[in-house]
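Trainee: output the structure for:
(chains A and B)
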Protein chains: 2
Amino acid sequence: MIAIDAFDPERDLLFERVVQLPRRLIWKAWTEPETLMKWFCPRPWETVSCQIDLWPGGRFATVMRSPEGIEVAGAHSYLVVEPESRLIWTSALTAGFRPHAQPTSDTDFVFTVALTFSDEAGGTRYRAHVMHATPKARQRHEDMGFQEGWSTALDQLVEAMAGQV
Amino acid sequence: MIAIDAFDPERDLLFERVVQLPRRLIWKAWTEPETLMKWFCPRPWETVSCQIDLWPGGRFATVMRSPEGIEVAGAHSYLVVEPESRLIWTSALTAGFRPHAQPTSDTDFVFTVALTFSDEAGGTRYRAHVMHATPKARQRHEDMGFQEGWSTALDQLVEAMAGQV
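Mentor: Numbers count the residues shown, from 1 in each chain, chains lettered A, B, ... in the order given. Sure thing, here's the model as predicted:
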């Protein structure tokens, strides 16, 4: 048994879409570094580094780079790894379940992402439930362009995997 | 496979002792609310409430009360539950893997506790590896009386369970 907190509209964000890809390819896109780097970051930013240790407590680290060369690094920890169906990771912990250093600027925030992939209509229902500690953190994340960012990234994922169906 | 970060003397604290109790009773003391309440908080403070949902993402919540009536509540999340051998929980996440609201005072800190229990010399090696994000957080935790607190609590645990050996 695994417990994921219920969706809370005050503190959470949801991105959900049905895509015409099998779960197998969506899992591959999320869990193979070289594949993830093709789609993870909305262009014109790009993902220039990715480390994945695919087990609870394992490292999920990325570096994203803007066209001007600004780099943004993320170092997260996986919490739940259920192949082809569920992947949960958090920015509250770094690899090995170590707490992440507290955010140092007003634009930082902490979240947990619960991804679930389920069969639907010949494709896959792709669902990202993103949990925050507070309504303010949720709002910051939304204002940074959560919906547009996840939508563009999923378009890029579908494009990257289309040749493998 | 589960990944726990290696012990880092700059950022971590360790409490370790061999006690003459079987692992079964130590596990019981950590995972049954009414039993945990007997020993968890060094006296004269007492534990007045305890909720345990013993699975990854499950709630581990306690309320401790001082002789003057000051109450300190903790709401954590379990990360790894391996009966009688390993229990990992973090204050970085609340139940359901939701990030914890950021600390609001200088004395707050965030940590992950990796407890391991192994057979040794007719008893159990009781090991608590406590991970922090920074050396400063480690120091705060040590200055609050980490070693003395864990030692006293373990004395109380042994006392509480002695009649059940």
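
Trainee: output the below-cut-off pLDDT ranges for chain A.
Mentor: A:102-108 (pLDDT under 70).

Trainee: switch to 80 and redo it
Mentor: Applying pLDDT under 80 to chain A picks out residues A:1-2, A:102-109, A:165.

Trainee: secondary structure class for the spatially most central residue of it?
Mentor: Computing the C-alpha centroid of chain A and ranking residues by C-alpha atoms, centre = their mean puts A:V113 first, at 6.1 Å. For A:V113, the assignment made with DSSP: H, G, I helix; E, B strand; the rest coil gives strand.

Trainee: please apply the same query to A:T116.
Mentor: Classified using three-state DSSP, A:T116 is strand.

Trainee: residues touching A:A61, list them.
Mentor: A:49-51, A:73-76, A:95 (C-beta atoms under 8 Å, 6 or more residues apart in numbering or on different chains). The C-beta positions use only the backbone N, C-alpha and C, and glycine is treated the same way.

Trainee: which PyMOL command selects the buried ones in these?
Mentor: The PyMOL selection below is limited to those of the contacts of A:A61 classed as buried (16 or more other C-beta atoms under 10 Å in any protein chain shown):
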select buried, chain A and resi 50+75+76+95
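
Trainee: got JSON lines for the contacts of A:A61, with distance to chain B too?
Mentor: Output for those, formatted as JSON lines (distance: C-beta to the nearest C-beta, whole Å):
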{"residue": "A:S49", "distance to chain B": "19"}
{"residue": "A:C50", "distance to chain B": "17"}
{"residue": "A:Q51", "distance to chain B": "12"}
{"residue": "A:A73", "distance to chain B": "15"}
{"residue": "A:G74", "distance to chain B": "14"}
{"residue": "A:A75", "distance to chain B": "11"}
{"residue": "A:H76", "distance to chain B": "12"}
{"residue": "A:A95", "distance to chain B": "6"}
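
Trainee: is the helix ranked longest in chain A positioned near chain B?
Mentor: Longest helix in chain A, counting residues (DSSP state H): helix A:146-161. No - judged by C-beta under 8 Å from any C-beta of the partner chain, helix A:146-161 stays clear of chain B, getting no closer than 15.4 Å.

Trainee: which strands and helices sit next to that helix?
Mentor: strand A:12-19, helix A:23-31, strand A:123-131 (3 or more C-beta pairs under 8 Å, 6 or more residues apart in numbering or on different chains; DSSP states H and E).

Trainee: and with 10 Å instead?
Mentor: strand A:12-19, helix A:23-31, helix A:33-36, strand A:123-131, helix A:135-143 (3 or more C-beta pairs under 10 Å, 6 or more residues apart in numbering or on different chains; DSSP states H and E).

Trainee: what's the shortest one packed up against?
Mentor: Which is helix A:33-36. helix A:23-31, strand A:46-52, strand A:59-65, helix A:146-161.

Trainee: go again with 7 Å.
Mentor: helix A:23-31, strand A:46-52 (3 or more C-beta pairs under 7 Å, 6 or more residues apart in numbering or on different chains; DSSP states H and E).

Trainee: in its sheet, what does the shortest one sit against?
Mentor: Strand A:46-52 sits in its sheet next to strand A:59-65 (antiparallel), going by DSSP bridges.

Trainee: so the partner strand versus helix A:23-31, what angle?
Mentor: Strand A:59-65 and helix A:23-31 are oriented at 70 degrees to each other (axes from the mean of the first three to the mean of the last three C-alpha atoms, to 10 degrees).

Trainee: list the buried residues in strand A:59-65.
Mentor: A:59-65.

Trainee: can I get the residues you listed in JSON lines including distance to A:D12?
Mentor: Conversion of the buried residues of strand A:59-65 to JSON lines gives the following (distance: C-beta to C-beta, whole Å):
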{"residue": "A:R59", "distance to A:D12": "25"}
{"residue": "A:F60", "distance to A:D12": "20"}
{"residue": "A:A61", "distance to A:D12": "24"}
{"residue": "A:T62", "distance to A:D12": "22"}
{"residue": "A:V63", "distance to A:D12": "27"}
{"residue": "A:M64", "distance to A:D12": "23"}
{"residue": "A:R65", "distance to A:D12": "29"}
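
Trainee: circling back to that earlier point, out of the helices and strands packed on helix A:33-36, deepest packed?
Mentor: helix A:23-31 (a mean of 19; mean count of other C-beta atoms under 10 Å in any protein chain shown).

Trainee: quick one: contacts of it?
Mentor: With contact meaning C-beta atoms under 7 Å, 6 or more residues apart in numbering or on different chains, helix A:23-31 is reached by A:35-36, A:39, A:52, A:54, A:83-85, A:87, A:117, A:119, A:124, A:126, A:157, A:160-161, A:164-165.
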